[in-house]
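> My questions are about this predicted structure, shown below with the sequence.
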Amino acid sequence: MLIKIDFEAETPIYAQVKNQIIEGIASGDLVEGESLPSVRQFAEDIGINMHTVNKAYLLLKKDGFVAVHKRKGVVVNKISSMHDPGFKKEISKNIRTVIAEAFCKGITEEEFIDNCKKVYLLYHKGHKNDA
């Protein structure tokens, strides 16, 4: 999986790394049991600080996307094991801001929902054989 960092973006680099790994898991590019590069190797490969990669990995671990093993290193978790009942409440809170911004910028409800469906289906297609 190729990680692309936008050094000019407002989004912190650790968040860009975290978000792209989550997208890789959702799309099926990263699969259960797959090992991610070591912190040192990852940092070297994309030209960022090791502490930045470590922060992204720690957040991914905290959220259940990866596990850290002494021998295997950082490994992608099974999607079904990521179920978190509190996440529904958290996502409702977070999506309010996205919807408000879309509304203020003239995105219609139909456009917003259509875009959400298209993106969701991209990830669903990556995992259609997991059911």
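All right, it came through fine.
> quick one, phi psi at K18?
Here the main-chain torsion angles of K18 (degrees, to the nearest 10) amount to phi -60, psi -50.
> Quickly note the distance from it to K55.
Taking CB to CB, to the nearest Å as the measure, K18 falls 8 Å from K55. Every C-beta, even on glycine, is put in place using the N, C-alpha and C of the backbone.
> Tell me which of these two has more neighbours.
Neighbour comparison, K18 and K55: the larger count goes to K18, with 21 against 18 (by other CB atoms under 10 Å).
> Can you verify my assumption that that one contacts L59?
Yes: the pair formed by K18 and L59 meets the contact definition of CB atoms under 8 Å, at 5.3 Å.
> what residues go with each domain of this structure?
Structural domains annotated on the chain: 13-81, 84-126, as defined by automatic domain parsing.
> pLDDT averaged over the first one - what is it?
In other words, domain 13-81. Averaged across domain 13-81, pLDDT comes to 93.
> where do the strands sit along this protein?
Assignment of strands within the chain using DSSP state E yields the ranges 66-69, 73-76.
> Show me the contact partners of the first one.
Residues from elsewhere that reach strand 66-69, judged by CB atoms under 8 Å, 6 or more residues apart in numbering: 21, 36, 57, 60-61, 74-77.
> That strand pairs with which strands, and in what direction?
Strand 66-69 has its sheet partners listed here by DSSP bridges as strand 73-76 (antiparallel).
> Can you tell me what sits against the strand it pairs with?
Here strand 73-76 has contacts from 25, 30-36, 38, 57, 60-61, 65-69, using CB under 8 Å, 6+ apart.
> how about the helices in the chain?
Remark: helices assigned in the chain by DSSP state H are 13-27, 39-46, 50-62, 85-104, 109-126.
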